[in-house]
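Colleague: Whatever this is, show me its structure:
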Amino acid sequence: MTEETPSQIAHDVFIARQPIFDVSDRRVAYELLYRANQHATDSGLISADAMCSDTALHAVVSIGLDRLTSGHIAYVNITREHLLGELHKIFDPAEVVIELLESIEAEPEIIDACARAVADGYTLALDDYDGRASLDALLPFVKIIKVDVLGATRSELEQRLARVRNRGLTLLAERVETLEMRALSTELGCTLFQGYVFSRPETVNGRAISVQQSAMFSIVSLLGKPDVLDGALEDAFHSHPALSFALLRIVNSASFGARSVESIGHAIRLIGRQALSRWMMVMIVASVAAQSPIASEAVTQALVRGRFCELLALGGAIDPSSQFLVGLLSRIDVLMGSPMHMVLEQLPIAPEVRDALLHASGPHAHVLDFARAYEAGDWAAVDALSNNNAQLHGELLAIYSEATAWATERLASASSTD
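Modeller: Numbering: from 1, shown residues only. Next up, the predicted model:
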């Protein structure tokens with residue numbers, strides 16, 4: 001297994017946002033756009049599926065939709081495959097407009113998928129609309145028509161818009177680069193505008209932990225088996241700190257609105273298997289561009305500490321799965337390369353977990369202090385924290401050895417399938 005430094009585990013991710021304005025030049029929304037790096041000005045050669053998956057994933061997990069849009073609506077691109085797979089359901093319908101890419105055709109299964117999305121409360125837009133008759137079957141389901149006006153003449157625009165006149169649809173002119181085109185677009189009925197004459201896309205960055213595709217495929221496989229118990233799913237997430245972190249960020253999205261998660265199992269139950277399966281598929285496609293495995297000493301330490309805390313809590317009054325979460329997240333600042341308080345702001349963890357990690361207080365703090373003292377070989381602190389319990393002293397080596405073996409086994413299993 002190849003080892004990486006903590007800085008290699010967490011990598012920078014980027015999304016560009018371009019504002020959308022109304023007729024009064026008020027910003028009303030942002031379109032989210034894939035970017036491979038901070039200096040990129042377009043999506044590059046990445047496939048449409050990977051582009052849309054990456055943008056959706058990082059909009060919720062790595063950067064956060066609230067940071068990207070500041071409360072405004074987000075326009076998010078979606079491909080045919082994503083629409084049929086209902087991957088748009090990772091978003092709260094009140095916070096997004098789903099843009100159907102120009103490559104989508106009005107096939108029967110697409111029409112059915114659009115009908116389901118609208119019934120679920122989503123707003124649909126047709127991107128780069130060119131006025132072709134084959135798209136007419138989609139018009140009853142969309143509310144917004146986006147028209148590329150760059151370099152177009154008045155006659156060309158009138159022809160493109162002829163089929164959507166008098167349908168009560170909102171027209172959005174995109175790639176508006178001059179005031180003259182802005183005026184013409186308004187005259188032709190456009191009430192929303194986007195383009196360089198207003199603002200160029202601004203790139204926003206965040207930090208994301210790389211995840212192993214083998215682990216994600218394994219979890220998707222488990223999710224597809226009705227007889228698999230929740231405990232098996234929880235164990236699969238326990239083996240992968242990056243996936244556990246992503247799981248908590250997903251729960252924190254507006255789609256679920258959970259703010260007090262007690263354990264990994266609790267997070268899985270809150271999301272539900274169907275929604276979680278959709279998320280895993282998004283992460284699998286989005287990971288194609290990164291190709292960066294989790295294989296560092298920091299990950300091993302996070303797994304060992306999480307399992308150690310869990311084993312110490314067994315038989316006690318505190319939920320062992322909550323103790324695992326505390327131990328796992330106690331290394332997340334190293335994994336993410338960010339201060340602990342900044343990382344925890346993104347997670348919907350219970351107050352008791354947060355208190356232990358930030359303030360060394362609350363019911364979980366004692367076991368975490370104990371684990372840290374044992375790892376550091378601070379035997380005076382171990383004695384004090386255990387009240388000089390001779391029986392516990394005799395068990396500690398076995399408990400820590402079991403935790404180490406558990407972590408090593410899971411990392412070895414993951415790397416052997418890569």
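Colleague: now residue 406: how far from residue 325?
Modeller: Per Cβ to Cβ, to the nearest Å, residue 406 is found 16 Å from residue 325. Just so you know, the C-beta spots here come from the backbone N, C-alpha and C atoms, and that holds for glycine as well.
Colleague: ok, the two, which is more surrounded?
Modeller: More neighbours surround residue 325 than the other of residue 406 and residue 325, with 31 against 19 (other Cβ atoms under 10 Å).
Colleague: And for the spatially closest residue to the more buried one that is not a sequence neighbour, the neighbour number?
Modeller: Leaving out its chain neighbours, the residue that sits closest to residue 325 by Cβ to Cβ, 6 or more residues apart in numbering is residue 263, at 5.4 Å. Look at residue 263: counted by other Cβ under 10 Å, it has 22 neighbours.
Colleague: OK, contacts around residue 263?
Modeller: For residue 263, the contact set (Cβ atoms under 8 Å, 6 or more residues apart in numbering) comprises 234, 319, 321, 322, 324, 325.
Colleague: State the mean pLDDT of the helix or strand harbouring residue 203.
Modeller: Assigned by DSSP states H and E, residue 203 belongs to strand 202-209. Regarding strand 202-209, the rounded mean pLDDT is 65.
Colleague: mind exporting stretch 178-188 as CSV, just the C-alpha atoms?
Modeller: Only the C-alpha atoms of stretch 178-188 are listed here, as CSV (Å, rounded to 0.1, in the frame of the first residue of the first chain):
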residue,chain,number,x,y,z
THR,A,178,-22.3,43.6,-24.5
LEU,A,179,-24.8,46.1,-23.3
GLU,A,180,-26.3,46.1,-26.8
MET,A,181,-27.0,42.3,-26.6
ARG,A,182,-28.4,42.8,-23.1
ALA,A,183,-30.9,45.4,-24.5
LEU,A,184,-31.8,43.1,-27.4
SER,A,185,-32.4,40.2,-25.1
THR,A,186,-34.7,42.2,-23.0
GLU,A,187,-36.6,43.4,-26.0
LEU,A,188,-37.1,39.8,-27.1
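Colleague: contacts for that stretch?
Modeller: 23, 147, 149-150, 154, 157-158, 161, 171, 173, 176, 193, 195, 197.
Colleague: Buried residues, stretch 324-331. List them.
Modeller: 324, 325, 326, 327, 328, 329, 330, 331 (16 or more other Cβ atoms under 10 Å).
Colleague: hmm, I was thinking of stretch 160-179
Modeller: 160, 161, 164, 169, 170, 171, 172, 173, 174, 175, 176.
Colleague: ditto for stretch 176-193
Modeller: Result for stretch 176-193 [16+ other Cβ under 10 Å]: buried residues 176, 181, 182, 184, 185, 188, 189, 190, 191, 192, 193.
Colleague: Wasn't the fifth one part of a strand?
Modeller: Yep, that's residue 185 we're talking about. No - per DSSP: H, G, I helix; E, B strand; the rest coil, residue 185 lies outside any strand segment and is helix.
Colleague: For the residue nearest to residue 129 when sequence neighbours are not counted, which residues are in contact?
Modeller: In space, and not counting its chain neighbours, residue 129 is closest to residue 145: 4.8 Å by Cβ to Cβ, 6+ apart. If a contact means Cβ under 8 Å, 6+ apart, then residue 145 has 125, 126, 129, 161, 164, 169, 170, 171, 172 as its contacts.
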